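> Got a predicted structure plus its sequence, pasted below:
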Number of protein chains: 4
Amino acid sequence: MMARVGVIGLGVMGYRVAANLAKAGLLAGVYNRTRARAEDFRRSYPQVEVFATPSDLADRVDYIITVLSDDNAVSAVVGNLLPHLRGKVLIDMSTISPTTSVSLAKEVSNVGGVMFDAPMMGTSVDVEQKRITVLVGGPKDRYAEVEPILSATSGRVVYVGPNGMGLYMKLAGNMIFAIFMNGLAEAINFALRAGLSPDQIIDLFLNISGTRSPSSSLKVPKMLNSDYSVQFALKHMRKDTEIMIREAQKLGVPVPLTSLASNMFRMSEGLGLGDFDVSAIAEFYRKLSQQR
Amino acid sequence: MMARVGVIGLGVMGYRVAANLAKAGLLAGVYNRTRARAEDFRRSYPQVEVFATPSDLADRVDYIITVLSDDNAVSAVVGNLLPHLRGKVLIDMSTISPTTSVSLAKEVSNVGGVMFDAPMMGTSVDVEQKRITVLVGGPKDRYAEVEPILSATSGRVVYVGPNGMGLYMKLAGNMIFAIFMNGLAEAINFALRAGLSPDQIIDLFLNISGTRSPSSSLKVPKMLNSDYSVQFALKHMRKDTEIMIREAQKLGVPVPLTSLASNMFRMSEGLGLGDFDVSAIAEFYRKLSQQR
Amino acid sequence: MMARVGVIGLGVMGYRVAANLAKAGLLAGVYNRTRARAEDFRRSYPQVEVFATPSDLADRVDYIITVLSDDNAVSAVVGNLLPHLRGKVLIDMSTISPTTSVSLAKEVSNVGGVMFDAPMMGTSVDVEQKRITVLVGGPKDRYAEVEPILSATSGRVVYVGPNGMGLYMKLAGNMIFAIFMNGLAEAINFALRAGLSPDQIIDLFLNISGTRSPSSSLKVPKMLNSDYSVQFALKHMRKDTEIMIREAQKLGVPVPLTSLASNMFRMSEGLGLGDFDVSAIAEFYRKLSQQR
Amino acid sequence: MMARVGVIGLGVMGYRVAANLAKAGLLAGVYNRTRARAEDFRRSYPQVEVFATPSDLADRVDYIITVLSDDNAVSAVVGNLLPHLRGKVLIDMSTISPTTSVSLAKEVSNVGGVMFDAPMMGTSVDVEQKRITVLVGGPKDRYAEVEPILSATSGRVVYVGPNGMGLYMKLAGNMIFAIFMNGLAEAINFALRAGLSPDQIIDLFLNISGTRSPSSSLKVPKMLNSDYSVQFALKHMRKDTEIMIREAQKLGVPVPLTSLASNMFRMSEGLGLGDFDVSAIAEFYRKLSQQR
């Protein structure tokens, strides 16, 4: 018998996750705070039920997937769901603090449920094309159940370890990404002012530099063309760096570059760049260079 | 008729450049401050002359290649060579300040010679395998002459622009590399302390992360295995960041991450890590995390 | 009739606060986790009772003062006290997160009690000499009651605003102090390496510089003499900067220098300097300068 | 017999130095690139000659004081003066790189002259009121001659050591000032956003904080009132930090906070704040905080 899965949260990522699960015949229902978006989803996938509340959804499925924006949203939803989670499996695909996640997992366990953290590494396009990697933290002996569900919406599923470990791996990956974005912006601004042409800079960062990478290919052209259409919003990148910093405080490790990058993102938001793509950090450097 | 080329400076990079030119039949002679190393070179390439002074070499060749350690070394050698440079072409493959290079190029021009900056992007292994990229700045109308010489020791030669532009491109490339090295060290230290295994970290940075790149493949394993055998010394990376910072001051652009990375490298040297590979920045983070 | 006051937490600061209140005839009892220290206190002030638990103390006094080490300690103690706080006034003189404090104040209010945050600005010597400043946040209409109690152990009591505002003022004051300590260490290290004598550096920072201040007089000689005997431990300074950073994240303000200082303190702890005075940040700079 | 002194450079500081010397009866003549300002000076001090070139001035006086804007200006003027400096004493009161100054001192010595670096610690108002401190580097055996001249325009003259040492002491003093200004701006922005009133912030930083200092009294009110009228221009502060950074590179010492402060000043200039007082760094923080 097939697993009955419900998805709570139909944002940019959640919508695509739900769509993949629907196509795989695994999706029973969805819930979204703005109901219109859920109805919209049903128009594409009519076999999927739209629930009025998260609890309604939880009562009708075995596996509840949450794809929400931040610690507060996840804490609020899970807190309300607790009375409905006995015997259920909650898979949180949001990127939140591992500390929060571990604490919620304990509460879920206390009411007889099971929780996994399962953040995604990649972009919304990667979800769409089922190329995204899911990093899973939670009880190993229950992993076999969730693996096929997550596989239906990703290119690769990695079991990392106990609760929180999926998120720690995600944070480590986003840490180098955040620093790399800042570094590219800084180097591009330097190069432009030194007189290199955009074409030469493309050649340098996409062909010549040892740091050439998928992230370079994705973001360097955007930075050079001032094309800040959103793939991953700068303010979400900043939020992630803030989680990293709080976790580093707990772990007792220095994160000076992450801290500086976080402040640069924050300052970029002060200039109104928060809702643009993270590549808009290049715009920040440009605005803050000496006028010529 | 073939160009007669001489190489001044047989360090890690210079030796391999000279070897490539010798194999191509282009090398007439070499000079090295420590003569023993030059004699050693001649044992492998007996047709090549060892000169007693840079001036002797300059008098006998048409194209003089310098591969030296820093601004001071290049300024000193070029200063002494000036009376011997009429009608000659000087190709400086060292990584030095563009400002210094442009100023030397002017002096060389004043005595009737021509100078190019032609720094290399890549490692000593890349030189050996003729896969390195050479970034060239100098008079465009004389570039046709030097291109075949540089091609004999590289995988690709890029004409960037007037004097100094080869170095600016090199600096921009090394800027993102310096920041990336620091970022990897920071993220790896965070990941280890969060409980990820070395294998998981390898998987994350070499397979999953969008920042996976040749630099990741080269350095992440070294960082995880504490294998700090030198490919590119940390103190040389620091020296390069210091040039970037001085040039940024002149250009009027902020370089906060480069500045922080530079200070981290400097502090690593204070702990005795300067002569190790740049990947030893990972050791710095480890030493400076809270004792457990 | 006199207020009956009890003090929970007889650390370096708490002990001195309790002593001042005892001398003023205001102190009814004390509690300390390590009972021996409380007994020791009673030997000096025999009229003061030693309670076995915080709850016993709370039941017998009207005003409960807590002077504890961090958020977790205050949260734990106040959590356990809740059933005993109806009609009582809790004055927390610890330096903790305003967010935590506001949240605790709400819980105290819910059970019919009143809470104030009343952190101290100054050193243990300042408490001893009743020269310390107390910064108070809490309900204005109840401030008149607590003012005379706090006045008995300080030079000045400032009512700042609603709950949390005393702590915010304290954090802002410690922010500039943390940055100043780091800055002094950096400038002293620079000056020593440039060849200035310790006497000249004293003259510069204590007489000539516009930044000459009580903090300079207190810390510059310690930094120059490597006298790191504790006035305020480096690890506590680091803890405070971490609170500032988390609050700044909530407030949406950039704190790049605070963030960097926090990381420098953290790294100093990695070198084993955490239990020394905050002035040991000077030792950190010395260790991390290039060997001569 | 009285020393005959000439002043080259009648900027904000130089004008006031010249005025003090004129009042003391020591000033023979002045030179300024914009002659109108020199003529203006003569209207107030008719006994003082206005020279057409620096060389003319040098030929007619024994002591030449330069008060210029930066390394380039001092290098250019001293370079041109060299043939006129035999037997003369050159006192450079500009704030420039010690490395540049030492190198110029050698050239002056080579032509039979003597040079001192004598930067001032304080503001233009301090010069006016003869309260400024002059920090002197140069040959000790000639110091007795210059001391009375400098005393005529200052509150205190300090002999620091050989050439360059006056400047090193000045830089160390400006280093802590630059960091302190940044720190105040950061803490004030944090405090305002946390809800403290300007009056409370004044109270905190001018009365309560251990870092209360003349610099606090001078700058905190300006920051709070957005009164950025120039006492010391932000762009000049940035220039000074850039000198510190280059010297730190030579000395092999880390200066992470100075580097970050320097980048913050640079970024402030990108927002058009460079010509305002250094206290305008507070405006930078305000602009770069999240919009509310």
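Yes, it's here.
> quick one: the helices in chain A?
Here chain A has its helices, by DSSP state H, at A:12-23, A:35-44, A:54-60, A:71-81, A:98-110, A:124-128, A:140-151, A:165-194, A:198-203, A:214-225, A:234-251, A:256-270, A:281-287.
> Quick check: end-to-end length of stretch A:226-242?
This stretch, stretch A:226-242, spans 26 Å end to end (CA to CA, to the nearest Å).
> what comes up buried for that stretch?
Buried residues in stretch A:226-242, counted by 16 or more other CB atoms under 10 Å in any protein chain shown: A:228, A:232-242. The C-beta positions use only the backbone N, C-alpha and C, and glycine is treated the same way.
> Stretch A:123-134 too?
A:123-124, A:126-128, A:130, A:132-134.
> Give me the residues contacting the lowest-mean-pLDDT helix or strand in chain A.
For chain A, the helix or strand with the lowest mean confidence is helix A:124-128, at a mean of 91 (criterion: mean pLDDT, DSSP states H and E). When contacts are defined by CB atoms under 8 Å, 6 or more residues apart in numbering or on different chains, helix A:124-128 is touched by residues A:12-13, A:16-17, A:19-20, A:120, A:132, A:153-155, A:231.
> run the last query once more with 7 Å
A:12-13, A:16-17, A:120, A:132, A:153 (CB atoms under 7 Å, 6 or more residues apart in numbering or on different chains).
> Quick check: the two most widely separated of the buried residues of stretch A:226-242?
A:Tyr228 and A:Glu242 (21.2 Å; CB to CB).
> Next one: A:Phe284, what pLDDT does it get?
For A:Phe284, the model assigns a pLDDT of 97.
> if we can go back for a sec, between the helices of chain A, which gets the lowest average pLDDT?
helix A:124-128 (a mean of 91).
> List the buried residues in stretch A:262-280.
Quick answer for stretch A:262-280 (16+ other CB under 10 Å): A:262-271, A:273-274, A:276-280.
> Run through those residues and flag the ones next to chain D.
A:266-267, A:269-271 (CB under 7 Å from any CB of the partner chain).
> tally of neighbours for A:Ser75?
Neighbour count of A:Ser75, defined by other CB atoms under 10 Å in any protein chain shown: 18.
> Ok, the one 3 residues further on next?
Residue crowding around A:Val78 was assessed by other CB under 10 Å; the count is 26.
> list the contacts for it?
A:90, A:104, A:108.
> can you do 10 Å?
Taking CB atoms under 10 Å, 6 or more residues apart in numbering or on different chains, we find A:Val78 in contact with A:8, A:54, A:64, A:66, A:68, A:85, A:90, A:92, A:100-101, A:103-105, A:107-108, A:113, A:115.
> and what of A:Thr153?
With contacts defined as CB under 10 Å, 6+ apart, the neighbours of A:Thr153 are A:5, A:7, A:13, A:16-24, A:26-27, A:65, A:93, A:120, A:127-128, A:130, A:132, A:134.
> go on, A:Gly113?
So A:Gly113 contacts A:58, A:64, A:78, A:81-82, A:84-90, A:105, A:107 (CB under 10 Å, 6+ apart).
> Can you check those and name whichever has the most neighbours?
Top of the contacts of A:Gly113 by neighbour count (other CB under 10 Å): A:Ile64, with 28 neighbours.
> My guess is that one contacts A:Val74. True?
No - in this structure, A:Ile64 is not within contact of A:Val74 by CB atoms under 10 Å, at 11.9 Å.
> I'd guessed A:Leu27 sits against A:Leu57; true?
No - A:Leu27 is not in contact with A:Leu57 according to CB under 10 Å; the separation is 11.0 Å.
> you'd agree A:Gly210 is up against B:Ser216?
Yes - A:Gly210 lies in contact with B:Ser216 (CB under 10 Å); the separation is 8.8 Å.
> can you list residues touching both of the two?
With CB under 10 Å, 6+ apart, A:Gly210 and B:Ser216 have common neighbours B:Phe180.
> what residues does chain A put near chain D?
A:235, A:238, A:256, A:260, A:263-264, A:266-272, A:274, A:284-291 (CB under 10 Å from any CB of the partner chain).
> any idea how far the closest residue to A:Pro214 other than its chain neighbours is from C:Pro54?
Leaving out its chain neighbours, the residue that sits closest to A:Pro214 by CB to CB, 6 or more residues apart in numbering or on different chains is B:Gly210, at 4.6 Å. Going from B:Gly210 to C:Pro54 by CB to CB, to the nearest Å gives 52 Å.
> returning to that earlier point: which of the helices of chain A sits closest to C:Leu184?
helix A:256-270 (19.5 Å).
> Just the CA atoms of the closest one, as CSV, please.
What follows is helix A:256-270, C-alpha atoms only, in CSV (Å, rounded to 0.1, in the frame of the first residue of the first chain):
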residue,chain,number,x,y,z
PRO,A,256,34.4,35.6,11.1
LEU,A,257,33.7,35.5,7.4
THR,A,258,30.2,34.2,7.8
SER,A,259,29.6,37.0,10.3
LEU,A,260,30.9,39.6,8.0
ALA,A,261,29.0,38.2,5.0
SER,A,262,25.8,38.2,7.2
ASN,A,263,26.4,41.9,8.0
MET,A,264,26.9,42.7,4.4
PHE,A,265,23.7,41.1,3.4
ARG,A,266,21.9,42.9,6.2
MET,A,267,23.4,46.2,5.0
SER,A,268,22.3,45.4,1.5
GLU,A,269,18.7,45.0,2.8
GLY,A,270,19.1,48.5,4.2
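> gap between that helix and the chain center?
Distance of helix A:256-270 from the chain centroid (CA atoms, centre = their mean, to the nearest Å) equals 19 Å.
> can that helix be found next to chain C?
Yes - Helix A:256-270 is in contact with chain C by CB under 10 Å from any CB, via A:256-260, A:262-270.
> orientation of that helix relative to helix A:234-251 in degrees?
In terms of direction (axes from the mean of the first three to the mean of the last three CA atoms, to 10 degrees), helix A:256-270 departs from helix A:234-251 by 150 degrees.
> tell me the angle of helix A:256-270 relative to helix A:165-194?
Using the same axes, to 10 degrees: helix A:256-270 against helix A:165-194 is 70 degrees.
> okay, which residue is most central for chain A?
A:Thr95 (4.9 Å; CA atoms, centre = their mean).
> Which residues are in contact with that residue?
A:Thr95 makes contact with A:13, A:67-71, A:74, A:101, A:117, A:119-121, A:166-167, A:170-171, A:174, A:236, A:239-240, A:243, according to CB under 10 Å, 6+ apart.
> Please list which of these are also close to chain C.
Answer for those near chain C (CB under 10 Å from any CB): A:239, A:243.
> The closest residue to chain D within the stretch 1-150 of chain A: how many residues sit nearby?
In the stretch 1-150 of chain A, no residue comes nearer to chain D than A:Asp70, which is 15.2 Å away by CB to the nearest CB. Neighbourhood size, A:Asp70 [other CB under 10 Å]: 17.
> From chain B, how far off is it?
Here A:Asp70 is placed at a distance of 20 Å from chain B (CB to the nearest CB, to the nearest Å).
> Tell me the pLDDT of that residue.
At A:Asp70, pLDDT is 94.
> now do A:Ala3
According to the model, A:Ala3 carries a pLDDT of 78.
> Over to the one 3 residues further on?
Confidence at A:Gly6, expressed as pLDDT, is 98.
> where's it relative to chain B, distance?
27 Å.
> burial measure for the residue nearest to that residue when sequence neighbours are not counted, as a count.
In space, and not counting its chain neighbours, A:Gly6 is closest to A:Val61: 3.9 Å by CB to CB, 6+ apart. By the criterion of other CB under 10 Å, A:Val61 has 22 neighbours.
> what's the answer for A:Ala3, then?
17.
> got it, and A:Ser209?
27.
> mind listing what it touches?
A:Ser209 neighbours (CB under 10 Å, 6+ apart): A:184, A:187, A:203, A:216, A:220, B:121-122, B:133, B:172-177, B:180, B:213-215.
> Buried residues, stretch A:32-43. List them.
A:32, A:37-38, A:41.
> Columns distance to D:Ala191 on top of the residues you listed, output as CSV?
Shown next, in CSV, are the buried residues of stretch A:32-43 (distance: CB to CB, whole Å):
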residue, distance to D:Ala191
A:Asn32, 40
A:Arg37, 41
A:Ala38, 44
A:Phe41, 46
